[in-house]
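Asker: here's my sequence, what's the structure:
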Amino acid sequence: MTPASQIKPRPVRWMWQDRVPAGALTLLPGREGIGKSLALVWLTAQLTRGMLPGIHHGHPRPVIYAASEDSWAHTVVPRLMAAGADLHMVYRADVRTERITNDQRVSGVEPLTLPRDNTELTEEIKGTGVAMLALDPLMSVIGSAIDTHRDRELRTALDPLTQLADDTGAAVVGLSHFNKAASSDPLNLITGSRAFSAVARAVVAVARDPDADDGSCVMSQAKNNLGRLDLPHLRYVVREATVRTDEGETRVGRLVFLGESARGVDDVLGDTASGEDRTERDEAAEWLRAYLTDPAVGGEAPATEIYKAAGRDGIAQRTLQRARSRVGVRTTPPAPGRPSVWSIDPTKGDTQ
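Answerer: As a prediction, this is how the structure comes out:
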């Protein structure tokens, strides 16, 4: 038994300010072909150049990048170059093995496998000062004997991984895929056991916006156990970039952020949800518009008061959050002694 008085409290440290915590597991899920790997490459480039807002801003830090689905020579390195990463600070994770076969020592190289390689990986992260362990995708580094659809089995890999993050202070960011179910909740769409989203402290989801003329995608904070959930949605596009190699030019994708987005991932996913879900969201949007435009409210109100008022009328907090973009709500972050404030932004949403 350890009394709480003997446990030293620590503040949350953010690798990417308010979005990706250091020393914890973060998931980056989405459907295939919308730039998830490019988002991870972008994070890698920003970290190695000291440009990412957060605790490492102004201090370039190394990254260990484990990629199993793409060729390093043809895809990963050219993408890193296009994103402006410092290649000297990005490390590929390989596991060197030695076996005795027919009385002869045979050496080889195997891909990273967790939790088998956790001890050695922890030592490398500490010794190199790595800020992020990038797993592209997370599923590929989990031992093949583990059934990733069984909660208890999967936790035998995820729990040691979160312990690795806590012990080293490095952020562990793993890519994951959406399944083919129809839901407006990104957490319900993550392929595999529910343990993936349960163990992760943060989930940053991405989705392509079919209503966007420029083919852009949106990025939203779908889970944030250690910080704010009402963060601005971000919008990005994937543009072609030409990279020069010793053998000629090659073309790869490069992620470019366009700024904040009125629509979030749950809005995009909600467009394919059931009619009942859409009706609930529409009703919540109408309620929110009426509430904020009420002269007694004056156009803005603390989020906590809005949640309470909506709850009295039977509107769930999650539904209200999904309805914000339809109304064109602008949010201001909370500050010491002051909650987040919602107000109607006339330049966004359908304010009628």
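
Asker: and residue 234, how close does it get to residue 73?
Answerer: Using C-beta to C-beta, to the nearest Å, residue 234 is found at 31 Å from residue 73. Glycine gets a C-beta too; all of them are placed from N, C-alpha and C.

Asker: quick one: which of these two has more around it?
Answerer: residue 234 (20 against 11; other C-beta atoms under 10 Å).

Asker: next up, the contacts around that one.
Answerer: Residue 234 makes contact with 218, 219, 220, 257, 259, 260, 261 under the criterion C-beta atoms under 8 Å, 6 or more residues apart in numbering.

Asker: quick one: buried ones out of those?
Answerer: 218, 219, 220, 261 (16 or more other C-beta atoms under 10 Å).

Asker: of all these, which comes closest to residue 125?
Answerer: residue 219 (26.0 Å; C-beta to C-beta).

Asker: what secondary structure does that closest one sit in?
Answerer: Under DSSP: H, G, I helix; E, B strand; the rest coil, residue 219 falls in the strand class.

Asker: with the one 10 residues further on instead?
Answerer: Per three-state DSSP, the local secondary structure of residue 229 is coil.

Asker: the chain - how does it break down into domains?
Answerer: Recorded structural domains for the chain (assignment: automatic domain parsing) are 11-261, 274-344.

Asker: highest average neighbour count across those domains?
Answerer: Across the domains of the chain, averaging neighbours per residue (mean count of other C-beta atoms under 10 Å) puts domain 11-261 on top, at a mean of 18.

Asker: what's the helix or strand for residue 258?
Answerer: When elements are assigned from DSSP states H and E, residue 258 belongs to strand 248-261.

Asker: counting by contacts, list what the following helix or strand past that strand packs against.
Answerer: Going down the chain from strand 248-261, the next helix or strand is helix 265-270, by DSSP H and E. With contacts defined as 3 or more C-beta pairs under 8 Å, 6 or more residues apart in numbering; DSSP states H and E, helix 265-270 has these neighbours: strand 202-208, strand 217-224, helix 275-293, helix 317-327.

Asker: possible to save the ones you listed as TSV with mean pLDDT and distance to residue 244?
Answerer: Shown next, in TSV, are these (pLDDT from 0 to 100; distance: least, C-beta to C-beta, whole Å):
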stretch	mean pLDDT	distance to residue 244
strand 202-208	97	29
strand 217-224	97	27
helix 275-293	81	48
helix 317-327	78	41
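
Asker: okay, the angle between the helix or strand residue 43 falls within and strand 248-261?
Answerer: Per DSSP H and E: residue 43 is located in helix 36-48. Helix 36-48 and strand 248-261 are oriented at 90 degrees to each other (axes from the mean of the first three to the mean of the last three C-alpha atoms, to 10 degrees).

Asker: what score does residue 102 have for pLDDT?
Answerer: Residue 102 carries a pLDDT score of 74 in this model.

Asker: wouldn't residue 265 be in contact with residue 204 here?
Answerer: No: Residue 265 is beyond contact range of residue 204, at 9.2 Å (criterion: C-beta atoms under 8 Å).

Asker: shared neighbours of those two, which are they?
Answerer: With C-beta under 8 Å, 6+ apart as the test, residue 265 and residue 204 both reach 219, 220, 222.
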